[in-house]
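J.: Predicted model follows, preceded by the sequence.
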Amino acid sequence: MILSMLAVGAVGAGAYVFIPHASSGEGIRAVDYRSSLASAKRAAPYPLLGPEGLPGGWKATSVEYQKDPKGHAVWHLGFVTPAGQYAAVEQSDAARDEVLKAVVPGNQPDGDATVGGRAWQRLQGEHYRALTVQSGTATTVVTGTAGYEELSELAQSLK
């Protein structure tokens, strides 16, 4: 019985040592978004925005440009912030209310913010907060679990 317990313990310890576990964000896979951004800028029917000069510690984790089922051009670029929170740039030429409903469910106005000399509306949703601005036919939303300070930093970098 003791030998059986030792064998089971050895298998358990081996599994613990050899099976990877994520700790402090090490399991997050970064993506290079620059080529997707350049390609999407050529295809988008509106001035598509991407970060330039974003300080260290921001890790891009997802990037996508596509047409939605209604034919609207949709841009997404997701990050893990230096504080370990989620932040994303979402852009679309769909109606503003549709965009906000999709990316910030349950959004309610939460004041205004000036970012880069431009007025952005602050929103608080069920799970995410956001900054949003309308530019011509495009709605731009910087959203996530990050605080308004980090969201503003991302919005400031958009060119």
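T.: Good, I have the coordinates. Numbers count the residues shown, from 1 in each chain.
J.: Please make it C-alpha for all contacts and neighbour counts, starting now.
T.: Noted.
J.: For residue 67, which residues count as its bridge partners?
T.: According to DSSP bridges, the residues that bridge with residue 67 are residue 73.
J.: Touching, it and residue 76? I think so.
T.: No. In this structure, residue 67 is not within contact of residue 76 by CA atoms under 8 Å, at 11.5 Å.
J.: more neighbours, the two?
T.: In this view residue 67 and residue 76 are compared by other CA atoms under 10 Å, and residue 76 has more residues nearby, 18 against 12.
J.: Mind checking what helix or strand follows the strand or helix carrying the more buried one in sequence?
T.: Taking DSSP states H and E as the criterion, residue 76 maps to strand 73-80. Using DSSP H and E, the helix or strand that follows strand 73-80 in sequence is strand 86-92.
J.: ok, residues contacting that following strand?
T.: Contact partners of strand 86-92, identified using CA atoms under 8 Å, 6 or more residues apart in numbering, comprise 48-50, 72-81, 99, 103, 138-146, 151.
J.: How far does it sit from its chain's centre?
T.: For strand 86-92, the separation from the chain centroid amounts to 5 Å (computed by CA atoms, centre = their mean, to the nearest Å).
J.: and the angle from it to strand 73-80?
T.: Between the direction of strand 86-92 and that of strand 73-80, the angle (axes from the mean of the first three to the mean of the last three CA atoms, to 10 degrees) works out to 170 degrees.
J.: partner strands of strand 86-92, parallel or antiparallel?
T.: Partner strands and pairing direction for strand 86-92 (DSSP bridges) are strand 73-80 (antiparallel), strand 138-144 (antiparallel).
J.: low pLDDT regions in the chain?
T.: Counting by pLDDT under 70, the chain contains low-confidence residues at 3-26.
J.: what ranges do the strands span in it?
T.: Using DSSP state E, the strands of the chain run over 59-67, 73-80, 86-92, 108-115, 118-124, 129-135, 138-144.
J.: Need the ones you listed in TSV (columns: distance to residue 44).
T.: What follows is those, written out as TSV (distance: least, CA to CA, whole Å):
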stretch	distance to residue 44
strand 59-67	9
strand 73-80	6
strand 86-92	9
strand 108-115	24
strand 118-124	22
strand 129-135	14
strand 138-144	10
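J.: for those strands, which one sits closest to residue 30?
T.: Of all these, it is strand 59-67 that lies closest to residue 30, at 4.8 Å by CA to CA.
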